[in-house]
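In: Dropping a prediction and its sequence here:
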Amino acid sequence: MDNLTFLNNKIKSLIDLNPELKKLINIIQKYKKLKEMFCWFIIIGLSLSIIFLFLFTKLGLNLTGISVITYIIYFIIFILIIMGFIGFIGYRRYKYLLKNTYIDQNVTKYLYNNNVIQKIYEEYYYKYINNDRNDNFKVNIVKYLPDMVDIYDNHYGYLTDDCNRLNKYMQNSFNITYKGKKIYFYILTPKRYITFRGKNNRKEETYVSRALIFYDNKKFDKTFNNIKIVQGKDPEKDLFQSESIKFNEKYYINLKNNDIRAARVLSPKLIDYLANIELKNLYSIGINDEIYADWFLVSDFDYKEDICSFNTIDVINMNTFINKLVNKIIDDFDLFLQLFNCVKIV
């Protein structure tokens, strides 16, 4: 059974076993359909009102005169304005209901009660990632609903922020014991950086997502702390160069040419692996007591949310709800695997 079929069956089974959850999703579907309908009322009512007024003015019709045509015109415009007004009231009402009836909280109650969604993550891990039960895979949940941190500044400082400053108790995580070594994987709460540019103070938003993996270090002592392999060009032109031209074009290590520690960290296996795969958005692989890998996504519109966190913002029916859960689980594990494959061969 492929992973998509497996997850689809699991989520459908979860819904079937929770009729109240199915009822909530149907309420979401109903509210969003009504919200969309009233939105169209606003668009059609107000747009046609403006068009009618514009055309009649252009045609030079006398709207102040008393005639049957005048009454009809007034009536049509009045109906269209009323339609737009009803649309506005209805749209606001269902937008309010979606936001303030605690639908997200009620949905997550069924997802997380008795560790239901966590168990699906665990089953997926052992079925498609690693079937060794000694891994003791667990999903640690701190928050159920994803959120966003707004910062009125540029994002450049965050990209160089020390990953060891992470408050690990404030983030959802994967906790694993792999071959006797502890692994912790996090997708940090995304940040929205807001700046204002130009004479007109044009608002610009940049979304920054970050993922981190920490792996028990039983290979390097403290003299190797703060060494890191960074994806990018050598900024100093005199840092250590490996024998792989392909690797040197894609990565550099923050050690000088004569530093013997570089050869210890850059094993032939690691060099070959990094040189021959495309790791989009990987920032660095390093050592700081633990071995870690640091991943960033900087975008004008896209971002990654915390591991195993869900909301219903883009859910419009049962299928989109199922797809959202399935895609979230697969995305979390895809990113985990990218970083896990980096640190386990250091």
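Out: All right, it came through fine.
In: Surely Met83 forms part of a strand?
Out: No. Assessed with DSSP: H, G, I helix; E, B strand; the rest coil, Met83 is helix; it does not lie in a strand.
In: That one touches Ile44, doesn't it?
Out: Yes. At 6.9 Å, Met83 counts as touching Ile44 under the criterion of C-beta atoms under 8 Å. C-beta here means a position set from N, CA and C on the backbone, and glycine is covered the same way.
In: neighbour count winner among the two?
Out: Per other C-beta atoms under 10 Å, whichever of Met83 and Ile44 has more neighbours is Met83, with 19 against 14.
In: So which bits of stretch 214-223 are buried?
Out: Buried residues in stretch 214-223, defined by neighbour count with 16 or more other C-beta atoms under 10 Å: Phe214, Tyr215, Asp216, Asn217, Phe220.
In: likewise stretch 107-118?
Out: Buried positions in stretch 107-118, judged by neighbour count with 16+ other C-beta under 10 Å: Val107, Thr108, Tyr110, Leu111, Ile117, Gln118.
In: what's the closest non-adjacent residue to the last one?
Out: To tie it back to what came earlier, the one meant is Gln118. Val139 (4.4 Å; C-beta to C-beta, 6 or more residues apart in numbering).
In: Now Leu339: which helix or strand?
Out: Assigned by DSSP states H and E, Leu339 belongs to helix 318-343.
In: so what secondary structure elements neighbour that helix?
Out: With contacts taken as 3 or more C-beta pairs under 8 Å, 6 or more residues apart in numbering; DSSP states H and E, helix 318-343 sits against helix 3-16, helix 19-58, helix 116-124, strand 181-187, strand 202-215, helix 268-275, strand 282-288, strand 290-299.
In: could you give the angle of the first one to helix 116-124?
Out: Just to be clear, that refers to helix 3-16. Counting by axes from the mean of the first three to the mean of the last three C-alpha atoms, to 10 degrees, helix 3-16 lies at 150 degrees to helix 116-124.
In: quick check: angle from helix 3-16 to helix 19-58?
Out: Helix 3-16 and helix 19-58 are oriented at 100 degrees to each other (the same axes, to 10 degrees).
In: any idea of the mean pLDDT in helix 3-16?
Out: Helix 3-16 shows an average pLDDT of 91 in the prediction.
In: who's in contact with stretch 263-275?
Out: Contact partners of stretch 263-275, identified using C-beta atoms under 8 Å, 6 or more residues apart in numbering, comprise 220, 224, 227, 229, 240, 242-244, 246-247, 250-251, 253, 255, 285, 287, 341-342, 345-346.
In: So which of those residues belong to strands?
Out: Using DSSP state E, Ile227, Ile229, Tyr251, Ile253, Ile285, Ile287 are the members of those that sit in strands.
In: before we move on, back to that, between the buried residues of stretch 107-118, which sits nearest Lys280?
Out: Ile117 (27.4 Å; C-beta to C-beta).
In: Got the confidence number for that closest one?
Out: We have a pLDDT of 92 for Ile117.
In: Contact partners for it?
Out: Ile117 sits next to Leu14, Leu111, Cys308, Phe310, Leu325 when contact means C-beta under 8 Å, 6+ apart.
In: could you redo the last one with a cut-off of 10 Å?
Out: Ile117 is in contact with 10-11, 14, 108, 110-111, 139, 141, 144, 308, 310, 325, 328-329, counting by C-beta atoms under 10 Å, 6 or more residues apart in numbering.
In: what's the answer for Leu46, then?
Out: Leu80, Ile81, Met83, Gly84, Phe85, Gly87, Phe88.
In: what's the weakest-modelled helix or strand in this structure?
Out: Least confident helix or strand of the chain, by mean pLDDT, DSSP states H and E, is helix 68-100 with a mean of 73.
In: and Phe196, that one's in a strand?
Out: Yes. When three-state DSSP is applied, Phe196 is found to be in a strand.
In: any idea how far Ile287 is from Lys222?
Out: Here Ile287 is placed at a distance of 9 Å from Lys222 (C-beta to C-beta, to the nearest Å).
In: Report the residue spans of the chain with pLDDT below the cut-off.
Out: Scanning the chain for pLDDT under 70 picks out the ranges 52-53, 55-71, 73-74, 100-101, 160-167.
In: so Phe214 touches Glu290, yeah?
Out: Yes. The pair Phe214 and Glu290 passes the contact test of C-beta atoms under 10 Å, sitting 4.5 Å apart.
In: Quick one: classify the spatially most central residue of the chain as helix, strand or coil.
Out: Nearest to the geometric centre of the chain sits Lys304, at 2.0 Å (C-alpha atoms, centre = their mean). Following three-state DSSP, we place Lys304 in the coil state.
In: who's in contact with it?
Out: Taking C-beta under 10 Å, 6+ apart, we find Lys304 in contact with 146, 187-190, 207-211, 281, 295, 297, 328, 331-332, 335.
In: If we use 8 Å, what do you get?
Out: Residues near Lys304 by C-beta under 8 Å, 6+ apart: Ile187, Pro190, Ser209, Ala211, Leu297, Asp331, Leu335.
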